[in-house]
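>>> Would you be able to build a 3D model of this:
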Amino acid sequence: MNETPYRLVDAGDERVLTVDGREYRTCYSERLIRMLIARKGPRRAALYFGFNKERGEHFLGPLFRYLETTTATGLRVLEVGCSFGHNTEYLAERPAVAEIHAFDTDPDFVAMVETKIDEMRLGKVRQVRLLSNEESCRLPWANGAFDLVLVVGIIEHLSRQYRRVQVDEYYRVLAPGGHVTILDTPNRWFPLETHSVGLPLIQWLPPRMAFAYARTCRSRKFGLESFEEFTMDGTGWRNASLRDCLPSSGWAGLEDVTEEAGYGWRFFRDTTRSRTRRALLPFFSACVTLLRGAGLPPSLCLPYLNVLFRKTTDRTMARWH
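Next comes the predicted model:
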């Protein structure tokens, strides 16, 4: 396998990564950039440079504007799946956040976030843990330890074997009155799979049929992939349902503040940029109206789930203890 050629130059206050003739500038250290390149390759590494502001503000901006209306301060935050730490950086900059605890199952990403903490002096980050899938089924924090649990682009990648108990853990460690926000999660019940394969209905098919469908219609991407690789845990093409985002006890002890906080339908409508999606907004609006009339969450008809729930009581833990 040929490696993509690149050049990395230290320009004093910034580093310049050149890939395919294009320059990408960042304040990250050479050490951190090389760690990221080793994990993701130079092309994909360059995309991460702006994630703090691009994805951080995009996905977490509505959350903190909403929390400001609740006068929330001194927040203890758990970040599930911290990845490269772009959201960790964003959280560390928020005045309402007092301390951050994070974990990931990828040792390379954990090492990168630890490097950021040291080099960027992210003093609010108390710890970054490396947990296995099995260990994340019983998180090493007490009941109600956090005021905010942040889950961005995670649920669809959780193993079907462990998903239910892992999600239950997010609610166990959430304090009454606290919020859990689950963002950038592809909706299993939306007909077009937009996350991994980009084919309609594939997430509803049995694995063998889905594999043949992907190899036929996306041969450049999946033509050389084995069935075992296509169906391995964490590939994400099966997506996730709203039910997957809730604890075993369902809505008991939870208040849905998704729309009030600017997520769900409002988020989809206000952040839509493509011509196709903008043209389809009236259709989505009609679907949202129908769901509301039936007393159902508007998010059920959207391509991605971006939701926010507030824990009102400890009833969400009643079935586990």
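>>> residue ranges with poor pLDDT in this structure?
Along the chain, segments meeting pLDDT under 70 span 1-2, 314-321.
>>> hey, where'd the strands end up in it?
Remark: strands assigned in the chain by DSSP state E are 6-10, 15-19, 22-26, 75-80, 97-104, 125-130, 146-152, 174-186, 254-256, 304-311.
>>> Using PDB, write out every CA atom in the fourth one.
Provided in PDB are the C-alpha atoms of strand 75-80 (Å, rounded to 0.1, in the frame of the first residue of the first chain):
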ATOM      1  CA  LEU A  75     -20.800  21.600  35.100                       C
ATOM      2  CA  ARG A  76     -19.100  18.200  35.400                       C
ATOM      3  CA  VAL A  77     -19.000  16.800  31.900                       C
ATOM      4  CA  LEU A  78     -18.400  13.300  30.600                       C
ATOM      5  CA  GLU A  79     -17.300  13.100  27.000                       C
ATOM      6  CA  VAL A  80     -18.000   9.700  25.500                       C
END
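>>> Renumber starting at 76 from here on
That works, and once the first residue is 76, the last one we named lands at strand 150-155.
>>> which other residues reach that strand?
142, 162-163, 166, 171-178, 216, 220-226, 229, 245, 248, 250 (C-beta atoms under 8 Å, 6 or more residues apart in numbering). To be clear about C-beta, it is placed using only N, CA and C from the backbone, and glycine gets the same treatment.
>>> and of the strands of the chain, who's closest to Ser211?
For these, distance to Ser211 was read as C-beta to C-beta. The smallest value, 7.1 Å, belongs to strand 172-179.
>>> quick one, the closest one and strand 200-205 angle?
Here strand 172-179 runs at 10 degrees with respect to strand 200-205, directions being taken by axes from the mean of the first three to the mean of the last three C-alpha atoms, to 10 degrees.
>>> in strand 172-179, what counts as buried?
Applying a neighbour-count criterion of 16 or more other C-beta atoms under 10 Å, the buried positions in strand 172-179 are Val172, Glu174, Ile175, His176, Ala177, Phe178, Asp179.
>>> same question, stretch 357-364
Within stretch 357-364, judged by 16+ other C-beta under 10 Å, the buried ones are Phe359, Cys362, Val363.
>>> Pull the contacting residues for the closest residue to the last one other than its chain neighbours.
What sits nearest to Val363 in space, not counting adjacent residues and going by C-beta to C-beta, 6 or more residues apart in numbering, is Pro373, at 4.2 Å. When contacts are counted by C-beta under 8 Å, 6+ apart, Pro373 is found next to Thr333, Glu334, Gly339, Trp340, Val363, Leu366, Arg367.
>>> can you redo these as TSV with distance to Ala120?
Below are the contacts of Pro373 laid out as TSV (distance: C-beta to C-beta, whole Å):
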residue	distance to Ala120
Thr333	33
Glu334	36
Gly339	32
Trp340	34
Val363	38
Leu366	40
Arg367	43
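>>> rewinding a little: buried only: go through the contacts of strand 150-155 for me.
Taking 16+ other C-beta under 10 Å as the criterion, what is buried in the contacts of strand 150-155 is 142, 162-163, 166, 171-172, 174-178, 216, 220-226, 229, 245, 248, 250.
>>> what sits against the spatially closest residue to Glu143 that is not a sequence neighbour?
Closest residue to Glu143 in three dimensions, ignoring its sequence neighbours and counting by C-beta to C-beta, 6+ apart: Ala171, at 7.2 Å. For Ala171, the contact set (C-beta under 8 Å, 6+ apart) comprises Phe139, Leu142, Glu143, Ala147, Thr148, Gly149, Leu150.
>>> Quick one: buried ones out of those?
Buried, going by 16+ other C-beta under 10 Å: Phe139, Leu142, Ala147, Leu150, out of the contacts of Ala171.
>>> Any figure for the gap between the second one and Leu214?
Leu142 sits 23 Å away from Leu214, going by C-beta to C-beta, to the nearest Å.
>>> Kindly report the same for the first one.
Applying C-beta to C-beta, the value for Phe139 to Leu214 is 24 Å.
>>> wait, Leu274 sits on Thr291?
No - under the contact definition of C-beta atoms under 8 Å, Leu274 does not touch Thr291, with a separation of 9.5 Å.
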